[in-house]
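Student: Turn this into a structure:
(one chain, ligands or ions: 1)
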Amino acid sequence: MEPGDALTEALRAHHPAAAATLSPLGQRVWFPRGVPAQAAEAAGCAVNATIGQITDGRGGALPLPQLEALAGPLPAKELFLYAAQGGRPDLRDAWADRLRPLGGRFSRPVVTCGLTHALSLCAELFAGPGTPVLLPYPAWGNYAFMFGVRQGAQVRRYPVLREDGGGLDLAALDAALQALPGPAVLVLNHPSNPIGYAPALEDAAAVVEVIRRAPHPLVVICDDAYAGMVWEPGLQVDSLFHALSALDPARVLAVKVDGATKELFFFGARIGFLTFGCEGPAARALEDKAMGLARASVSCAPSAPQAMILRALADPGLGAEQARLRGVIAGRYRALKAALAAHGVPFWPFNAAFFALVPVDGDPQAARRSLLAEGVGVVAVEPSDALRISYASLVEGDMDRLAAALAPRARRG
Ligand SMILES: Cc1ncc(COP(=O)(O)O)c(C=O)c1O
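Tutor: Sure thing, here's the model as predicted:
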């Protein structure tokens with residue numbers, strides 16, 4: 001039996017939903033015991049002639065002085081040598097420590113090259129040609145690209161919000177799940193891009209119940225990119241991943257995608273985490289498969305940002321500084337809401353993340369281009385006939401100018 005098939009068999013025994021939802025590639029892949037694995041085994045050897053990198057013969061780095069001069073206080077070894085496949089073990093454990101207080105089952109997080117890479121690994125693991133993949137509507141455009149264009153999956157949509165503006169469209173999600181013909185993938189993105197919406201706590205709890213009743217095995221990917229970025233009281237703050245991971249392993253596999261990009265405001269780090277909602281042999285099998293796919297594409301994640309993030313996570317002042325920056329975004333959120341109201345600009349309900357959607361009359365691309373001519377840059381969300389405002393990247397003093405520019409283009413009534 002090939003190693004990948006043995007892992008799939010382990011999943012069949014320990015997590016039937018994971019086994020039922022693997023793509024053909026997901027079924028056959030495994031982490032090969034090649035150079036990185038053999039080098040890891042030889043890490044304690046006095047004579048370590050395994051990995052293709054220059055060292056001082058004792059495991060230390062020999063960087064070029066031009067680069068070492070830029071390293072700051074971090075040890076050269078942690079910047080200039082390869083990081084472990086799947087991520088530094090101490091960083092993986094530090095990230096797991098953040099998940100533990102919220103409960104549920106979870107694997108050891110696998111470090112990825114940004115959240116995009118984690119999502120792309122999910123697409124490879126669980127979405128083959130024709131796999132039904134339920135995406136939010138509207139959604140971050142890259143989902144359809146990763147699942148539909150790249151993997152050939154069958155993209156289906158569920159509207160996030162009720163048309164009357166009264167919260168999550170739970171009935172539409174339920175209907176979309178009930179209409180599935182077989183095992184499928186569901187993507188949840190709370191708080192969402194591009195709507196900038198986090199559901200009320202009761203709505204979020206109801207989503208778990210709707211998923212529990214799905215007729216076929218389901219992989220539920222929680223894209224928690226904007227975890228904690230919630231600007232009103234009474235809204236869902238904690239990921240649904242934790243509650244979903246406690247559901248029946250014969251029915252649901254929960255997957256968490258998160259990372260440093262937005263949560264630590266470290267956009268250029270390209271460090272994300274992929275965590276499976278299971279433990280024991282099932283967790284080890286899924287980690288092995290994800291690491292195999294990463295090995296075949298980007299290999300290990302960069303060392304320097306992993307070293308930086310590890311130290312930041314250990315700093316007792318981190319939480320307060322994150323809260324301070326979230327406070328800056330919350331101030332921008334309130335300033336934008338006030339400016340839109342002052343100029344009578346309509347908007348989709350928004351209360352979280354970095355974004356607001358403003359519906360426009362006519363072609364949103366034309367509206368976007370005409371705004372460019374006035375020195376105002378926004379993003380056209382074509383399927384929703386709307387413009388996406390990333391208010392997190394504007395200072396409060398710019399909101400009035402933005403709202404005044406949007407006012408003549410906005411769709412009213
Ligand atoms: C909802 C959502 N998921 C994932 C990502 C990708 O994150 P990263 O830049 O770490 O690849 C983004 C980035 O904008 C996002 O908005």
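Student: How much space separates whichever residue of the stretch 301-413 of the chain sits closest to the ligand from residue 227?
Tutor: With CB to the nearest ligand atom, the shortest gap between the stretch 301-413 of the chain and the ligand falls at residue 353, namely 7.7 Å. (C-beta placed from N, C-alpha, C; glycine too.) Using CB to CB, to the nearest Å, we find residue 353 at a distance of 10 Å from residue 227.
Student: of those two, who's got more company?
Tutor: residue 353 (28 against 21; other CB atoms under 10 Å).
Student: if I pick the more buried one, what's in contact with it?
Tutor: Applying CB atoms under 8 Å, 6 or more residues apart in numbering, we find residue 353 in contact with 191, 192, 193, 196, 197, 198, 226, 229.
Student: again with residue 385
Tutor: By CB under 8 Å, 6+ apart, the residues touching residue 385 are 359, 360, 364, 411.
Student: Taking those residues together, which two end up most distant?
Tutor: Pairwise distances among those were taken by CB to CB; the largest, 10.0 Å, belongs to 364 and 411.
Student: Columns neighbour count on top of the contacts of residue 353, output as TSV?
Tutor: Listed next are the contacts of residue 353 as TSV, based on neighbours: other CB atoms under 10 Å:
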residue	neighbour count
191	28
192	25
193	23
196	28
197	26
198	25
226	24
229	22
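Student: What about the ligand: which of these touch it?
Tutor: residue 193 (CB under 6 Å from any ligand atom).
Student: Helices - which of the contacts of residue 353 land there?
Tutor: Among those, no member falls in helices (criterion: DSSP state H).
Student: for the ligand, what are the nearby residues on this protein?
Tutor: 114, 115, 116, 140, 189, 193, 223, 225, 259, 261, 272.
Student: And for the fourth one, the neighbour number?
Tutor: This means residue 140. Around residue 140 there are 22 other residues, counting by other CB under 10 Å.
Student: list the contacts for it?
Tutor: Residues in contact with residue 140 (CB under 8 Å, 6+ apart) are 189, 193, 194, 223.
Student: before we move on, the earlier item: out of the contacts of residue 385, which one has the weakest pLDDT?
Tutor: By pLDDT, residue 411 ranks lowest within the contacts of residue 385, coming in at 91.
Student: quick one on the thing from earlier: which one of the contacts of residue 353 is nearest residue 96?
Tutor: residue 226 (20.4 Å).
Student: got the contact list for the closest one?
Tutor: Counting by CB under 8 Å, 6+ apart, residue 226 touches 191, 192, 193, 262, 352, 353, 354.
Student: same thing but at 6 Å, please
Tutor: 191, 262, 353 (CB atoms under 6 Å, 6 or more residues apart in numbering).
Student: about what we covered before: of the contacts of residue 353, closest to residue 180?
Tutor: residue 192 (21.6 Å).
Student: ok, the residue nearest to residue 410 when sequence neighbours are not counted - contacts?
Tutor: Spatial nearest neighbour of residue 410, excluding adjacent residues (CB to CB, 6 or more residues apart in numbering): residue 345 at 4.8 Å. By CB under 6 Å, 6+ apart, the contact list for residue 345 reads 403, 406, 407, 410.
Student: do residue 129 as well
Tutor: Contact analysis of residue 129 by CB under 6 Å, 6+ apart lists residue 152.
Student: What distance do you get for it to the ligand?
Tutor: Applying CB to the nearest ligand atom, to the nearest Å, the value for residue 129 to the ligand is 24 Å.
Student: A strand includes that residue, no?
Tutor: No. Going by DSSP: H, G, I helix; E, B strand; the rest coil, the assignment for residue 129 is coil, not a strand.
Student: Mind listing what's buried along the helix or strand of the chain with the lowest mean pLDDT?
Tutor: Sorting the helices and strands of the chain by mean pLDDT, DSSP states H and E puts helix 35-41 at the bottom, at a mean of 90. Residues 36, 37, 39 are the ones in helix 35-41 that count as buried (16 or more other CB atoms under 10 Å).
Student: Closest one to the ligand out of these, please.
Tutor: Taking those together and measuring to the ligand by CB to the nearest ligand atom, the closest member is residue 36, at 22.9 Å.
Student: Phi, psi for the closest residue to residue 17 other than its chain neighbours please.
Tutor: In space, residue 17 comes closest to residue 217 once its chain neighbours are excluded; the distance is 4.2 Å by CB to CB, 6+ apart. Residue 217 adopts backbone torsions of phi -60, psi 140, taken as degrees, to the nearest 10.
Student: List of residues touching the biggest helix by length in the chain?
Tutor: Ranked by number of residues, the top helix in the chain under DSSP H is helix 318-342. Helix 318-342 is touched from outside by 231, 265, 312, 347, 391, 392, 396, 399, 400, 403, with contacts defined as CB under 6 Å, 6+ apart.
Student: of residue 364 and residue 411, who's got more company?
Tutor: Legend: neighbour count by other CB under 10 Å for residue 364 and residue 411, higher for residue 364 (24 against 15).
Student: Verify the stated contact: that one with residue 380.
Tutor: Yes. Assessed by CB atoms under 6 Å, residue 364 is found in contact with residue 380 at 3.9 Å.
Student: With residue 206 as the reference, measure out to residue 199.
Tutor: For residue 199, the distance to residue 206 - CB to CB - is 9 Å.
Student: Looking at the two, which is more packed in?
Tutor: The neighbour comparison of residue 199 against residue 206 (other CB under 10 Å) goes to residue 199, with 25 against 17.
Student: How much space separates that one from the ligand?
Tutor: 15 Å.
Student: Correct me if wrong: that residue contacts residue 236.
Tutor: Yes. Counting by CB under 6 Å, residue 199 does reach residue 236; the two are 5.2 Å apart.
Student: Skipping its backbone neighbours, what lies nearest residue 20 in space?
Tutor: residue 217 (4.0 Å).
Student: mind checking pLDDT for the one you found?
Tutor: At residue 217, the pLDDT value in this model is 98.
Student: and what of residue 77?
Tutor: According to the prediction, residue 77 has pLDDT 97.
Student: ok, residue 230 - contacts?
Tutor: 198, 237, 352.
Student: so the first one touches residue 238, yeah?
Tutor: No. Between residue 198 and residue 238 there is no contact, the gap being 10.7 Å when judged by CB under 6 Å.
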